[in-house]
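Asks: Generate a structure from the sequence data that follows.
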Amino acid sequence: MHTSIPHNASSQTPATCRSVALAAVVGACVTLLTACANGPAPAAAAVAASVPLACDDGIKTAFKPDALTTVVAVQSFKQGQKVFVSDSGSPVTLAADMCMVKLKVGPGNPGPADARSTSVGIGIEVWLPTHAQWNQRIRNYGGGGYVGGGHLQAEHDGATLATAVGSKFPAPVIAGMGYASGTTDAGQRWSQNGSFTFLPDGTLNRTLIADFSYRSLVEQALKTQALVKLYYGQAQKYAYFDGHSTGGRQGWKIAQDYPELYDGYLVAAPALSTSKFGINSLYPQVVMKTDLGYTSADPGFVAANFRQKLVEVNKRAVQACDKESLGFLLDPFSCSYDPAKDAAALCAGVAGDGVTGRNSDAKSCVNLAEARVINKLWYGISSDGSYDPAQTAQARSGQSLGPRQLWWGFTRGADWGSLIGNVSGAETVAQYLQDIRYAPSTAVNRNVNFINASTTQRDKWRELDHAGLAAAFSQGLALQGVMSQLNTDSADLRKLRDLGRKVVTYTGLAEDAIPPATSVNHYERVAQGMGGMAEVQKFVRLYLVPGKAHSSQGRAFTVAGASDSSKNNAVPLPRLPGAGNQTPTREQDQMFTALIDWVEGGKAPGSITVTSRDNTVSYPLCVYPQKAVWNGSGSSKAAASYACQ
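Replies: All right, here's what the predicted structure looks like:
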């Protein structure tokens, strides 16, 4: 694979160039500081293969790709060693010997030592198989949420900076499979905390937002490739990016803007259109406050038992639309279930839309106002709190927005109760209104703790009505330049196409964090602008996974929920490597295998048969826009009874 200076480096402003300072080609000691002043730097000549290095501190003196990059630590790990990683409560037992090199790439962002906006630079960890086990490939792995972690901060199990591990557990697992794998903290050290987006004076931190949006990703690619060449004495044959959620957004960011950095991209549940779905996450609170008189942070929410009512209505939606009797929805976009039209959902005596309620269970029945709220939340954020009861399956899927609709909600049958039970998305509103007071307090969402010296006031989100939230939504679009195009939803993939790079992307139809219509809408816009579906399928293929919720390792969801968690084992999901699957066969790494065969063998992926963990259900995942259709006669649990149509 050949790499070059990122193609749009010369378009950066001087201020942006200071924060970018991207390393040049693999093995070259060139930075973009010159490019900022004089235009794009020339591509460096290929560096001849060198003598392989040992996994020791000699790497600290040998690896000097540019003035901004420092080797912080080199660690040697042995097969069977237990390693604490950033996203696992228990240690990962390594399947093979490997080396981990920890890098710091400046310049970071100056400021008070205790400020979340202060950074010493971008942290990168590169996991290297032994020379004998390396398969001559790179498989870099993406982060999640606001990323961060122990790349440049000792915070795990009392580790020192030299011994702390900031990577998520797939990275050492991937290295154990024979791939070199780099990860990054995205330029900030605070694991899963977005406080870094604000400076101490309460204004947006444009430097670290740029690092988070794209610069850290370019550095991750270039520094991993440079180190691989130095360590093994030869460049990789192929380089891949593998990411989920924020990692999926990261993969798309590089594929859209710097596609030359990898040969192929595996993109799962990508956090595209970040401002849109993020602000949409707060919409339930505004709807409930307006229509029911409470938010989830108020006593009335618990008193009304609204979350449990939502669970019960969701079950009824699945019962109404699950013609395959799978316990979850194969095609939730086609489900138009409406509790306002279901007498069994409405409380006894309640006049609904053409029906009268007959449910006498006060804990599970809904009144008409509650039924309409649920419909609004399925619909997604609108400018005035309205929804379209005649919305089509195509519109629900992400192909078109309805009247006054700003973005799509989650599907029927998905567990998005966490968005109801917690105040989610308020931090996104705070960012785009450039006012940290809108962020939630830990009292209403213990998982969000925005720390900033400018003010301790929080929970101003309570003041928002539909017009105010719609204004925040518009501001999210207007500020994309300031936010370094964090939405990552460009439909212009001409450079990716022209370079012959490939993307396999997939998302769950039971998503509970990022509405699946987000990925569909992006793909549809790409097809509209680039010659139609058949043309786009030559370099990007999208798969929609029924029953899959939001998790990097695949998390099934059925409405049986915790009351019968074994049902989730009957949801077919793609097989992926993980702590319990460290030496997978090709068939146990399904989506990545499809990508490799496309990149290296020229075989475009078709339908991919997935099987449930208990081996009771299987069917094909189809290349979008096709979907798996049951023939109505054979077993709905057998792949042979389905066709992609």
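Asks: and residue 611, what is it in contact with?
Replies: Residue 611 is in contact with 572, 617, 618, 639, counting by C-beta atoms under 8 Å, 6 or more residues apart in numbering. Placement of C-beta: from N, CA and C, glycine included.
Asks: so when I look at residue 285, I'm seeing a helix, right?
Replies: Yes - with DSSP: H, G, I helix; E, B strand; the rest coil as the criterion, residue 285 is assigned to a helix.
Asks: the bottom helix or strand of the chain by mean pLDDT?
Replies: helix 33-38 (a mean of 31; mean pLDDT, DSSP states H and E).
Asks: I'd like the next helix or strand past that one.
Replies: helix 58-62 (DSSP states H and E).
Asks: got the domain boundaries for this structure?
Replies: The chain breaks down by automatic domain parsing into domains covering 51-236, 277-478, 494-644.
Asks: of all these, which lies closest to residue 256?
Replies: Ranking the domains of the chain by distance to residue 256, with C-beta to C-beta as the measure, places domain 494-644 first at 7.2 Å.
Asks: what's the distance between that closest one and the middle of its chain?
Replies: Its chain's average C-alpha position is 15 Å from that of domain 494-644, according to C-alpha atoms, centre = their mean, to the nearest Å.
Asks: so the closest residue in space to residue 98 that isn't next to it in sequence is in which element?
Replies: Excluding its sequence neighbours, the residue lying closest to residue 98 (C-beta to C-beta, 6 or more residues apart in numbering) is residue 175, at 4.7 Å. When elements are defined using DSSP H and E, residue 175 is found to belong to helix 170-176.
Asks: Can you give the distance from that helix to the centre of its chain?
Replies: That offset, for helix 170-176, works out to 19 Å (C-alpha atoms, centre = their mean).
Asks: Direction included, what does the very next helix or strand once past that helix pair up with?
Replies: In the C-terminal direction, the helix or strand that comes right after helix 170-176 (DSSP H and E) is strand 181-184. Strands flanking strand 181-184 in the sheet, each with its direction: strand 122-129 (antiparallel) (DSSP bridges).
Asks: Show me what the helix holding residue 175 is packed against.
Replies: When contacts are defined as 3 or more C-beta pairs under 8 Å, 6 or more residues apart in numbering; DSSP states H and E, helix 170-176 packs onto strand 98-105, strand 122-129, strand 137-141, strand 181-184.
Asks: of all the ones you listed, which lies closest to residue 577?
Replies: Using C-beta to C-beta, the nearest of the helices and strands packed on helix 170-176 to residue 577 is strand 137-141, at 9.8 Å.
Asks: tell me which strands and helices the closest one is in contact with?
Replies: In terms of contacts (3+ C-beta pairs under 8 Å, 6+ apart), strand 137-141 is packed against helix 170-176, strand 181-184, helix 216-232, strand 238-244.
Asks: what mean pLDDT does whichever helix or strand comes after the second one have?
Replies: Per DSSP H and E, the first helix or strand lying C-terminal to strand 181-184 is helix 206-210. For helix 206-210, the mean per-residue pLDDT is 98.
Asks: Can you pull up the most central residue in this protein?
Replies: Taking C-alpha atoms, centre = their mean, the centroid of the chain lies closest to residue 245, which sits 1.0 Å from it.
Asks: Show the contacting residues for it.
Replies: In this structure, residue 245 makes contact with 142, 144, 145, 268, 269, 270, 271, 513, 514, 550, 552, judged by C-beta under 8 Å, 6+ apart.
Asks: so which of those is the most crowded?
Replies: Highest neighbour count within the contacts of residue 245: residue 142, with 32 neighbours (other C-beta atoms under 10 Å).
Asks: In contact with residue 520, which residues?
Replies: With C-beta under 8 Å, 6+ apart, residue 520 has these contacts: 397, 398, 399, 542, 544, 624.
Asks: What's the local residue count around the nearest residue to the third one once chain neighbours are set aside?
Replies: Spatially, and ignoring its direct neighbours in sequence, residue 399 is nearest to residue 524 (5.5 Å; C-beta to C-beta, 6+ apart). Look at residue 524: counted by other C-beta under 10 Å, it has 22 neighbours.
Asks: Using the three-state scheme, assign residue 524.
Replies: The three-state assignment at residue 524 reads helix, by three-state DSSP.
Asks: Same question for the one 3 residues further on.
Replies: Taken by three-state DSSP, the conformation at residue 527 corresponds to helix.
Asks: any idea how far residue 521 is from it?
Replies: As judged by C-beta to C-beta, to the nearest Å, residue 527 and residue 521 stand 11 Å apart.
Asks: Please identify which of the two sits among more neighbours.
Replies: Using other C-beta under 10 Å as the criterion, residue 527 and residue 521 rank with residue 521 on top: 23 against 20.
Asks: where does the stretch 451-600 of the chain dip in pLDDT?
Replies: In the predicted model, the stretch 451-600 of the chain carries pLDDT under 70 at residues 562-563.
Asks: go on, the stretch 51-200 of the chain?
Replies: Along the stretch 51-200 of the chain, segments meeting pLDDT under 70 span 154-159.
Asks: And the contacts of stretch 353-371?
Replies: 291-292, 304-306, 308-309, 312-313, 338-352, 374, 389.
Asks: Mind giving me the ChimeraX select for those, buried ones only?
Replies: Selecting the buried subset of those in ChimeraX, with 16 or more other C-beta atoms under 10 Å as the burial test, is done by:
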select :292,304,306,309,312,313,338,339,340,341,342,345,346,347,350,352,374
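Asks: I'd like to know which of the contacts of stretch 353-371 are part of helices.
Replies: The helices in this structure, assigned by DSSP state H, contain 291, 292, 304, 306, 308, 309, 312, 313, 374 from the contacts of stretch 353-371.
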